[in-house]
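Chemist: sequence first, predicted coordinates after that:
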Amino acid sequence: MSLLKALFGPSKEMVWRQVAEQMQGRFVGGGVFGTDVVQAKTGDWIITLDTYTDDDMNTYTRLRAPYVNPEGFFFTIYRSGFFTGLKKLLGMQDIEVGDPRFDDAYVIQGNSEHRVRKFCENGRIRELIDSQPRIQLRIRDDEGWFKTKFPEGVDELCFRSPGVIKDLVQLENLFELFTESLHQLCHDGKAYQDDVNLQLRRLRAPGGRIEGKHLLWQGDPPRHDAAAALGRLKDPKAIGALVSVLGRDDTVLRAHAINALENIAHPDVIGPLVRLLGDQRGAAGKRIQDRVADALRSLGEGELVDNVRAALAGDAYRIRDAVGPYRGQVIDAFVGALYGTSPIQAAKALEELHAIEALPGLREALRRAATRSLAGAAIQASIQELEARAALPRPAQTREVGADTLPRVADDPGPATETLPRPVEEDT
């Protein structure tokens, strides 16, 4: 053992490298002028350990982990006697959680007494908080005016303590505290893999990334995983949420959502999938329309797929009597195809369907197309044909007249019998 190690203990870098190994994370050395960082992924979250120095030249150890917080729940927990200069944030109140020893040892503030109590009901979280000699654990909405900004609905769980923590067990406990806390905050401590409602929450979360000096959060992989899980769980209540992400820019998410709808195999998934038969955007290595066609075939709609595809290949005459109950969705598919590689065929198919309701979509496509192009000319011709059809007189809709609505002869009571002249009685 070297003299320096005997005098001062192991270096911060040595301990932090051990922490990274224990957490199956990574250590990023800061060099001479930078800051060492440990990052570890747990569940949907990235936990980042580093140090920073404030304006008064005080150094702190901190952990951070952005997470999805749609309810806007905030709290602060710190030991009594430490951080006593902290002001109560707007909307925060002092809260007792019902554990006298814990309430005496800590100042607890939050904007929801129920949520704070539920969070602190977790005995392991209380134990891990107790394991820290100094602690400030809180949720904040971003990292300040000049630092990293978070997407709407994303906030950050943050820990800080004065000085540089070099105790291996203390740091391991901090990572476990964050893992347990995030699981409690986001999943209510439940095993969420088979919980449809929690998977729906993950699916509806914002996508994208949060990056500072290091990647702090990735929103897309959890959404991909949630879509796949909802397909595995096959609960029809997920259909609306899965349909809502089909228009997102995330091509992998679209592919997972299409596969999930196919797996759910409910009649309500067919219409939304039919609408995408003209969509040529990408979906994880394939076009959306190709993935949708495969899904619809497995759901028993192969004939409809063949007819739509034939129309987009130039056989528009086949489509008029072939759409069945999905006329509106097929029209939407052809309107979508106006922006792909077969706009001429899509315009002719809409004309063949007498799709007057597609006129707004055709006019918008014409506005974007070059009017002198072949596509523009075909769209213009379809617009003229459909406008002429829309102007044709149509028979008024007749309504069956109920017997109770026919005019009736007014009731004539006739003269009152008591006023009529009566015959004179003859004397006998």
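Modeler: Noted; the coordinates are in hand. Residues are numbered from 1 along each chain as shown.
Chemist: in the stretch 51-200 of the chain, which spans are strands?
Modeler: Applying DSSP state E, counting those that start in this stretch to the stretch 51-200 of the chain gives strands spanning 59-68, 75-79, 93-94, 106-110, 136-140, 154-162.
Chemist: now the second one: mean pLDDT?
Modeler: When you say that, I think you mean strand 75-79. Taken as a whole, strand 75-79 carries a mean pLDDT of 94.
Chemist: could you pull out the buried residues of that strand?
Modeler: Within strand 75-79, the residues that qualify as buried are F75, T76, I77, Y78, R79, counting by 16 or more other CB atoms under 10 Å. Any C-beta I mention is one placed from the backbone N, CA and C, and that applies to glycine too.
Chemist: now the angle between strand 154-162 and it, please.
Modeler: With axes from the mean of the first three to the mean of the last three CA atoms, to 10 degrees defining the directions, strand 75-79 sits at 10 degrees from strand 154-162.
Chemist: wait, which of the buried residues of strand 75-79 is closest to L128?
Modeler: Using CB to CB, I77 comes nearest to L128 of those, at 11.4 Å.
Chemist: list the residues that contact the closest one.
Modeler: Contacts of I77 were listed using CB atoms under 8 Å, 6 or more residues apart in numbering, and they are Y106, V107, I108, Q109, I129, I135, Q136, L137, R138.
Chemist: how close does the first one get to C158?
Modeler: Read that as Y106. From Y106 over to C158 the distance is 16 Å, taken as CB to CB, to the nearest Å.
Chemist: tell me the average confidence for the one helix or strand R202 maps to?
Modeler: For R202, the element it lies in under DSSP states H and E is helix 196-203. When the per-residue pLDDT values of helix 196-203 are averaged, the result is 94.
Chemist: which helix or strand lies directly C-terminal to it?
Modeler: strand 209-211.
Chemist: in the stretch 251-400 of the chain, which spans are strands?
Modeler: Secondary structure of the stretch 251-400 of the chain by DSSP E, counting those that start in this stretch: the strands cover 282-283, 286-287.
Chemist: just checking: what are the partner strands of the last one?
Modeler: Using DSSP bridges, the strands paired with strand 286-287 are strand 282-283 (antiparallel).
Chemist: what's next to the partner strand, contact-wise?
Modeler: For strand 282-283, using CB under 8 Å, 6+ apart, the contacting residues are T251, V252, R254, A255, I258, I288, R291.
Chemist: so which of those residues is the most crowded?
Modeler: When neighbours are counted as other CB atoms under 10 Å, the busiest of these turns out to be I258, with 28 neighbours.
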